[in-house]
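> predicted structure and sequence below. I'll ask about it afterward.
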Amino acid sequence: MRIMGLDFGSKTVGVAISDTLLITAQGVEIIRRKDENKLRQTLARIEQLIVEYEVEEIVLGLPKNMNATEGERVELTMEFKEKLERRTGLSVYMWDERLTTVSADKAMMEAGIRREKRKDYVDMIAATLILQGYLDLRGSKQ
């Protein structure tokens, strides 16, 4: 069994997958789309990854505002969650993703990745941080 972590953005979806022991998260890819409202190919790619990695559960980042209020991005993310559940038949758990993009950017800066290149990886790293947070909490409860 593996768990998939997703960072859903307006033009990209960062994807991370857990190891089979559910201890660590690894970034897999960034799914890009030209139009924010066109999700068919994005959902199809997620389905392919679910089969390839034998995923049984999904964790989706919930983009709350820093003051814990919910804005338009939360609404869009919840709609995406419903589509994911319908299409895949898997449970989708929400994970507060505040500061994951900031943490991802900081980690890349510390690793010496140039600013121009950081945007190419930030969503995948954010998905990894979302999933790792979920795995850590899940592991501490067992």
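Received it, and whenever you're ready, just let me know what you need.

> and residue 76, what does it touch?
The contact partners of residue 76, by C-beta atoms under 8 Å, 6 or more residues apart in numbering, come to 8, 10. C-beta here means a position set from N, CA and C on the backbone, and glycine is covered the same way.

> any idea of the mean pLDDT for the host helix or strand of it?
In this structure, residue 76 sits in helix 72-88 according to DSSP states H and E. Averaging pLDDT along helix 72-88 gives 93.

> tell me which residues of it come out buried.
For helix 72-88, burial by neighbour count (16 or more other C-beta atoms under 10 Å) applies to 73, 76-77, 80-81, 83-84, 88.

> go on, stretch 13-32?
13-18, 22, 25, 27-31.

> what bridges to residue 26?
residue 17 (DSSP bridges).

> gap between it and residue 135?
11 Å (C-beta to C-beta, to the nearest Å).

> for residue 42, same thing?
23 Å.

> same check, this time on residue 29
Taking C-beta to C-beta, one finds residue 29 at 19 Å from residue 135.
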